[in-house]
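> After the sequence you'll find the predicted model.
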There are 2 protein chains.
Amino acid sequence: MMDKNQISASFKEVQEYICLKLEELDGGSAFESDEWSRSEGGGGRTNTIKDGILIEKGGVAFSEVFGPVSEQMSKQLKLEGDSFFATGVSIVLHSKAVQHPIIHMNIRYFEIDQKKYWFGGGIDLTPIYVNEELAVLFHSKLKALCDEYDSTIYSQFKKGADEYFYLSHRNESRGVGGIFFDHFSANDKLSKEQIFDFCIKLGKLFPELYAEQISKSTLHDEMKREWQLLRRSRYVEFNLLHDRGTKFGIYSGGRTESILLSMPPEAKWVYNYQEKEEALEQHTQEILRNNRNWII
Amino acid sequence: MMDKNQISASFKEVQEYICLKLEELDGGSAFESDEWSRSEGGGGRTNTIKDGILIEKGGVAFSEVFGPVSEQMSKQLKLEGDSFFATGVSIVLHSKAVQHPIIHMNIRYFEIDQKKYWFGGGIDLTPIYVNEELAVLFHSKLKALCDEYDSTIYSQFKKGADEYFYLSHRNESRGVGGIFFDHFSANDKLSKEQIFDFCIKLGKLFPELYAEQISKSTLHDEMKREWQLLRRSRYVEFNLLHDRGTKFGIYSGGRTESILLSMPPEAKWVYNYQEKEEALEQHTQEILRNNRNWII
């Protein structure tokens, strides 16, 4: 049976693989690496990139933390048990160009009291201006990956993303979704090894998915930096109000700079911003108000 | 006995008074007013200002909301009871110049099931660069106001602010504090009328307190816009992770644009930003790491 140390080591390799591929893709900047440790147990390696040709600010973080479940963790995170082990890789990239998206991916493994375990993860795309073909392409690739394992999970995980990445106070989704899953453990269709394998493949698919969004995007004269900064402010709202990874990090005493890697380099808030009718911004806003089935 | 409608009407007047005074002070911009209603009961008037000579973005919001305590409110806000009534005035001003602070003030009145009531409120100062004399001045004025009512409340409320406006994930305070109080109702020293009076006086003191910070501030060549944008990002983190008003607004189904008035016009996040030794930024950072008694 595959153990937590193997999983953790593989996740660390996924981090390295992704960084290598993203450096090749960007071509103008390189990752810097910070190792850190957590006083209660474990630590991580936080890789960050900035001022690239494509990536304005991004981070690929690996962590492996463990120790007793603190009072705050059980209260705020509703974790039941005495000790925990958690390892994962998290990525957020804020692209520089307005025609390029924000993209996020996470894979994680969790153990409680050395017996109960589960995997979790997700990936979602936040275009500044929605390009419907690119949203379809993104979802198609995710569906193909899911289908390799179980033909029912794509629709289930797609729904998971639609629900999770929804900003109810804004009545809008943070982007065009993707997949999101949690508490995923062996069932009558998939073994622990297969679920692990699925997570690793998802991690390794990341650079390709991002590269496609970049290479197939189109720039339009009316695309505005201001709109990009406004969309990023919604990203900030999601991460600080709702994101489970952020909450887990903060309440488990993680390293703040690694947890808040996801924050954009710059963001803007305008009171009661109204998109102009028939403008590109309105087109995007309308799509974000209703989750779509990108694959029929 | 003074009733909730009187309190609400007086709060609305405080909003008007503050906006009038701030327009005079700014001299370059005027407030715009939006009335809104809440489907479950009540509504508000949101006054906003932007691109002024002094104020880059600011809001002075009045609201009066009431109705049944929803499941989400009782769960997320820990409100016990069937019906609630809440009215208040909230202000956040993001100054344009780096030598001018961010400032926040709130006064509120709460009733549960038409019997239990309390007042709450607070004011706090977030300089971009801490000027110790101005912090002392700010606290002295607040102490003088508190002392008019009860000589013990300043130190109690000052401690309240130190605890409340602390960002534990950053190990720093969001500014030089001020006062913060909640669940304040008649006791053996003060009647309901006196507490109400205290809240109104605090509200009306606001323009003077801000004007003083503006007129007595000094500009230094080394002060940087980038540092202002970084300090604002901490303000965003506080408001989305911790602020009770934001949580109350969101979970009671308030108007998002009014709740998130407090957001800065622009903010910046830099991974692992380090202040240079002996730079002005480091001086401010050191003060924010330890709450001070500004008045001895």
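Cool, the structure landed. Quick caveat, the model's predicted, so the values are computed rather than measured.
> Next one, pLDDT for the residue in the stretch 101-250 of chain A that chain B sits nearest to please.
Relative to chain B, the nearest point of the stretch 101-250 of chain A is A:Leu240 (3.5 Å; C-beta to the nearest C-beta). Quick note: C-beta positions are derived from backbone N, CA and C, even for glycine. On the pLDDT scale, A:Leu240 is placed at 96.
> what's the answer for A:Glu35, then?
Reading off the model, A:Glu35 has pLDDT 97.
> That one in helix, strand or coil?
Following DSSP: H, G, I helix; E, B strand; the rest coil, the label given to A:Glu35 is strand.
> So what pairs up with it in the strands?
Legend: beta-bridge partners of A:Glu35 under DSSP bridges are A:Arg45.
> which residues touch it?
Shown in contact with A:Glu35 (C-beta atoms under 8 Å, 6 or more residues apart in numbering or on different chains): A:43-45.
> quick one: which of these has the most company?
Within the contacts of A:Glu35, most neighbours by other C-beta atoms under 10 Å in any protein chain shown means A:Gly44, with 24 neighbours.
> Find the nearest non-adjacent residue to it, please.
A:Ser63 (3.3 Å; C-beta to C-beta, 6 or more residues apart in numbering or on different chains).
> same thing with A:Tyr17?
Spatially, and ignoring its direct neighbours in sequence, A:Tyr17 is nearest to A:Lys204 (6.0 Å; C-beta to C-beta, 6+ apart).
> Distance from the one helix or strand the one you found maps to to the middle of the chain?
Using DSSP states H and E, A:Lys204 sits in helix A:192-215. Distance of helix A:192-215 from its chain centroid, counting by C-alpha atoms, centre = their mean, to the nearest Å, is 12 Å.
> Please name every helix or strand in contact with it.
Secondary-structure packing of helix A:192-215 (3 or more C-beta pairs under 8 Å, 6 or more residues apart in numbering or on different chains; DSSP states H and E): helix A:4-26, strand A:83-95, strand A:102-112, strand A:116-126, helix A:132-147.
> Show me what from the stretch 51-200 of chain A comes close to chain B.
Contact residues, the stretch 51-200 of chain A versus chain B (C-beta under 8 Å from any C-beta of the partner chain): A:57, A:59, A:169-170.
> Reformat those residues as TSV; add pLDDT.
Below are these laid out as TSV (pLDDT from 0 to 100):
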residue	pLDDT
A:Lys57	98
A:Gly59	98
A:His169	94
A:Arg170	95
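> Now intersect those residues with the strands, please.
Among these, DSSP state E puts A:57, A:59 in strands.
> Quick one: buried ones out of the residues of the stretch 51-200 of chain A next to chain B?
The neighbour-count test (16 or more other C-beta atoms under 10 Å in any protein chain shown) marks A:57, A:59, A:169-170 as buried among these.
> farthest pair in these?
Across these, no pair lies farther apart than A:Gly59 and A:His169, at 25.8 Å, counting by C-beta to C-beta.
> Give me the average confidence score over stretch A:104-115.
95.
> what does it contact?
With C-beta under 8 Å, 6+ apart, stretch A:104-115 has contacts from A:4, A:7-8, A:11, A:14, A:69, A:79-93, A:117-124, A:126, A:196, A:199-200, A:202-203, A:206, A:245, A:262.
> Please report the distance of the residue of the stretch 1-150 of chain A found nearest chain B from A:Cys19.
Residue nearest to chain B within the stretch 1-150 of chain A (C-beta to the nearest C-beta): A:Thr48, separated by 4.8 Å. Relative to A:Cys19, A:Thr48 is positioned 10 Å away (C-beta to C-beta, to the nearest Å).
> Please identify every residue contacting each of those two.
With contacts taken as C-beta under 8 Å, 6+ apart, A:Thr48 and A:Cys19 have A:31, A:60 as neighbours in common.
> re the thing from before, name the helix or strand for the residue of the stretch 101-250 of chain A closest to chain B, please.
Here A:Leu240, judged by DSSP H and E, is contained in helix A:225-241.
> What residues of the very next helix or strand once past that helix count as buried?
Per DSSP H and E, the first helix or strand lying C-terminal to helix A:225-241 is helix A:244-251. Judged by neighbour count using 16+ other C-beta under 10 Å, the buried positions of helix A:244-251 are A:245-251.
> How about helix A:244-251 and chain B, any contact?
Yes - with C-beta under 8 Å from any C-beta as the measure, helix A:244-251 is seen reaching chain B through A:Ile250.
> pLDDT of that helix, averaged?
Rounded mean pLDDT across helix A:244-251 is 89.
> Mind giving me the packing neighbours of the helix or strand hosting the residue nearest to A:Gly44?
Assigned by DSSP H and E, A:Ser63 belongs to strand A:55-68. Here strand A:55-68 touches helix A:4-26, strand A:42-50, strand A:83-95, helix A:256-259, going by 3+ C-beta pairs under 8 Å, 6+ apart.
> Format the CA atom coordinates belonging to the helix or strand following it as CSV.
Tracing the chain C-terminally past strand A:55-68 and defining elements by DSSP H and E, one meets helix A:71-76 next. Output of helix A:71-76 as CSV, limited to C-alpha atoms (Å, rounded to 0.1, in the frame of the first residue of the first chain):
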residue,chain,number,x,y,z
GLU,A,71,-8.2,23.6,18.9
GLN,A,72,-8.3,26.3,16.2
MET,A,73,-8.0,23.6,13.5
SER,A,74,-10.8,21.5,14.8
LYS,A,75,-13.0,24.6,15.4
GLN,A,76,-12.3,26.5,12.2
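> State the number of residues packed around the nearest residue to A:Ala135 once chain neighbours are set aside.
Distance criterion C-beta to C-beta, 6+ apart; nearest residue to A:Ala135, sequence neighbours excluded, is A:Val176 at 4.1 Å. With neighbours defined by other C-beta under 10 Å, the count for A:Val176 comes to 27.
> Secondary structure class of A:Val176, three-state.
Secondary structure for A:Val176, judged by three-state DSSP, is coil.
> how about it, phi and psi?
Dihedral pair for A:Val176: phi -100, psi 20, per degrees, to the nearest 10.
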